[in-house]
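Colleague: Just the structure for this:
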Amino acid sequence: MLSVSGLQVFYGASQAVFDVSLEVAQGQVTTLLGRNGMGKTTTVNAIMGIVPPAAGQVSFDGERLDGRPPHRIARAGLGLVPEGRQIFPNLSTEENLVAAARDGFGGDSPWTLERVYAFFPALANRRRSMGNLLSGGEQQMLAIGRALMTNPRLLILDEATEGLAPLVREEIWSRLGELKREGLSILIIDKNLRDLLSLADSHTILEKGRVVWQGDSSSLSADAGLQHRYLGI
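Modeller: Predicted coordinates for the structure are as follows:
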C-alpha cells in the first residue's frame, strides 16, 4: 500500500535521512525503530509532506505522493498521529474530533463521533472538556481519534505511547490491535519493543538516518544483539 524508495531529507545543509526505503502492506502493521534522533520522525514528516524530500519517491496505492502538500496527502487516505499529540488546546474534545472529520475510506463502518466514543469511552466522558485540560493519556486517545475521524486507509503513529502510564499504554496497544484486526494498515514509531513485536508484522530500523535492518517480528525477537546494538535494549 505505502512504498517509500530512496528517500532523502535535508534541513538546510545538513542531511537527516539517507536513501530510506520501506513498505507497508495492506492490512499490516510496520514499525519504524531506532534511538532518538535517528530520523524516524523526519521520515514520517517527509511521507506526509510536512518536510519536503530532496530525493526519492513516496507512493500510496500506486499513486505518487512526494511533492504534494500535506492536505492533499491526507486526502489520499493517510492519517497522522503526530509526536507530542498536537491537539488543539483551546477546543473541546468533541470540537477537536469534528474539526478533522471527513468522509473517505471508512467503508461499511466509517469513523464517526459515536464510533470514536465507543472506541475510547474516556473521551465520551470528557467530550466538553478543553484539550489542555485532558490528561496525557486522554490527549493521546484524542489524537488517535482525531486521525481516525479522517477515515484513513493508513494510520501513522509517531511515538504512540510515549510518556503514558502503564494502564493507558495497555489500552492503546489493545485498541491498535483491534484496528489491525479490522484490516487497517498502520505505520508506527514507538520504543516499547515487547508490544511492537506482538503487534507488528515487519520492522525497519534506522541508524543515523539510514536503514540498517529490516525484517519480521520473529527475526527481531530472536536477535538480542541486534536489539542492543540499535535499540539500546
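
Colleague: can you pull out the strands in the protein?
Modeller: 2-11, 14-24, 29-33, 55-60, 63-64, 78-81, 154-158, 185-189, 202-207, 210-216 (DSSP state E).

Colleague: The first one vs strand 14-24, what angle?
Modeller: In terms of direction (axes from the mean of the first three to the mean of the last three C-alpha atoms, to 10 degrees), strand 2-11 departs from strand 14-24 by 170 degrees.

Colleague: Distance from strand 2-11 to the middle of the chain?
Modeller: 16 Å (C-alpha atoms, centre = their mean, to the nearest Å).

Colleague: One more: the longest one?
Modeller: Taking C-alpha atoms, centre = their mean, one finds strand 14-24 lying 16 Å from the centre of the chain it belongs to.

Colleague: returning to what we had before: arrange the strands of the chain in TSV, one row each, with mean pLDDT, mean neighbour count and distance to R175 as further columns.
Modeller: In short, each C-beta sits where N, CA and C put it, glycine included. Output for these, formatted as TSV (pLDDT from 0 to 100; neighbours: other C-beta atoms under 10 Å; distance: least, C-beta to C-beta, whole Å):
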stretch	mean pLDDT	mean neighbour count	distance to R175
strand 2-11	98	18	21
strand 14-24	97	18	19
strand 29-33	98	25	13
strand 55-60	97	18	24
strand 63-64	96	11	28
strand 78-81	97	25	12
strand 154-158	98	24	11
strand 185-189	98	24	11
strand 202-207	98	22	21
strand 210-216	98	16	23
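
Colleague: Ok, which of these comes nearest N132?
Modeller: Closest to N132 of these is strand 78-81 (C-beta to C-beta; 18.1 Å).

Colleague: so who does R35 touch?
Modeller: E207, Y230, L231, G232 (C-beta atoms under 8 Å, 6 or more residues apart in numbering).

Colleague: let me redo that: F119
Modeller: F119 touches G145, L148, R175, E178, counting by C-beta under 8 Å, 6+ apart.

Colleague: Give me the pLDDT for it.
Modeller: pLDDT recorded at F119 is 97.

Colleague: Could you check how far it is from M141?
Modeller: Look at F119 and M141: by C-beta to C-beta, to the nearest Å, they are 9 Å apart.

Colleague: Any quick ChimeraX command for the buried ones out of the contacts of F119?
Modeller: Buried members of these, defined by 16 or more other C-beta atoms under 10 Å, are picked up in ChimeraX with:
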select :145,148,175
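
Colleague: Name the spans of this structure whose pLDDT lies under the cut-off.
Modeller: 104-107, 233 (pLDDT under 70).

Colleague: That one: helices as residue ranges?
Modeller: 40-47, 70-75, 93-100, 113-119, 121-125, 136-148, 166-181, 193-199, 217-222, 224-231 (DSSP state H).

Colleague: Please give me every residue in contact with the closest residue in space to L91 that isn't next to it in sequence.
Modeller: Excluding the flanking residues, the one nearest L91 by C-beta to C-beta, 6 or more residues apart in numbering is G131, at 5.8 Å. The contact partners of G131, taken as C-beta under 8 Å, 6+ apart, are I87, F88, P89, N90, L91, S92, T93, N96, Q139, L142.
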